[in-house]
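Chemist: okay, sequence plus prediction incoming.
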Amino acid sequence: MGLFRRREPLHVRLAREGGMLDDEEPVRAAWDNVGIHGIQRAREWDTVTTVDAPDLKGDRALFVVLPGDEIVVEEGPEDLEVLAEAVDHDLTPPYRAEAVRRQGTVWAVAGRRIEVIELAGVPGTEVELTSHDGERTLLIDGERAFGSVPALERPEQSVRARRIVGEVWEIEIHPL
């Protein structure tokens with residue numbers, strides 16, 4: 001054994017000398033149990049339900065329900081009223097929903113509230129406006145752009161907008 005090598009780790013020796021060890025077993029912290037580490041994931045959906053839809057074709061659907069019960073289909077069959085009605089029990093429009101056929105005629109439908117805004121005359125399909133320390137950055141479809149979108153301006157925040165249909169956009173606001 002080397003000249004400077006210890007027989008027991010320093011933390012064990014200090015704990016023993018401090019009276020913290022019971023029968024020479026190291027004391028484990030209470031939080032050191034399975035299932036307590038980390039934080040929970042953010043909730044992705046505000047509601048999840050199942051619905052029987054025997055007349056619905058396909059296996060997957062993505063859609064947005066706007067105020068006034070207008071359904072904008074992004075993927076899947078056009079007649080999604082039965083799926084939207086299932087989500088309407090828990091959420092009021094506007095919301096984004098995703099549905100997947102589970103077995104036979106049974107569909108699982110999940111919905112998440114969204115914020116929508118009307119932006120007239122804004123080009124592109126995606127807009128991001130970031131304002132930080134007096135600096136503004138405007139991206140339209142991933143490309144830097146000049147000008148402004150006053151309805152999206154918020155100090156010390158990043159606002160992302162995605163066109164749903166026509167002049168109606170879904171927005172997400174993230175503080176910086």
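Modeler: Nice, I can see it. All figures in this text were calculated on a predicted structure; none of them were measured in a lab. Numbers count the residues shown, from 1 in each chain.

Chemist: show me where this structure has helices.
Modeler: 10-17, 81-88 (DSSP state H).

Chemist: measure the most centrally placed residue in the chain to A84 for me?
Modeler: Centroid-nearest residue in the chain, with CA atoms, centre = their mean: E44, separated by 4.9 Å. According to CB to CB, to the nearest Å, E44 stands 19 Å off from A84. Just so you know, the C-beta spots here come from the backbone N, C-alpha and C atoms, and that holds for glycine as well.

Chemist: so which of the helices of the chain is the most packed in?
Modeler: With neighbours taken as mean count of other CB atoms under 10 Å, these reach their highest mean count in helix 81-88, at a mean of 19.

Chemist: returning to that earlier point: what's the burial count for the residue lying closest to the residue nearest to the centre of the chain once chain neighbours are set aside?
Modeler: Spatially, and ignoring its direct neighbours in sequence, E44 is nearest to R112 (6.9 Å; CB to CB, 6 or more residues apart in numbering). Using other CB atoms under 10 Å, R112 has 15 other residues around it.

Chemist: beta partners for R112?
Modeler: In this entry, R112 is beta-bridged to R96, by DSSP bridges.

Chemist: I figured it hits A42, correct?
Modeler: No: look at R112 against A42 with CB atoms under 8 Å: they stay out of range, at 11.2 Å.

Chemist: how many residues are close by A161?
Modeler: 25.

Chemist: just the one 4 residues further on next, same as before
Modeler: The number of residues packed near V165 is 12, by other CB under 10 Å.

Chemist: how close does it get to A145?
Modeler: Applying CB to CB to V165 and A145 gives a distance of 22 Å.

Chemist: what does stretch 125-142 contact?
Modeler: Stretch 125-142 is contacted from outside by 119, 122-124, 144-149, 152-163, 169, 176, using CB atoms under 8 Å, 6 or more residues apart in numbering.
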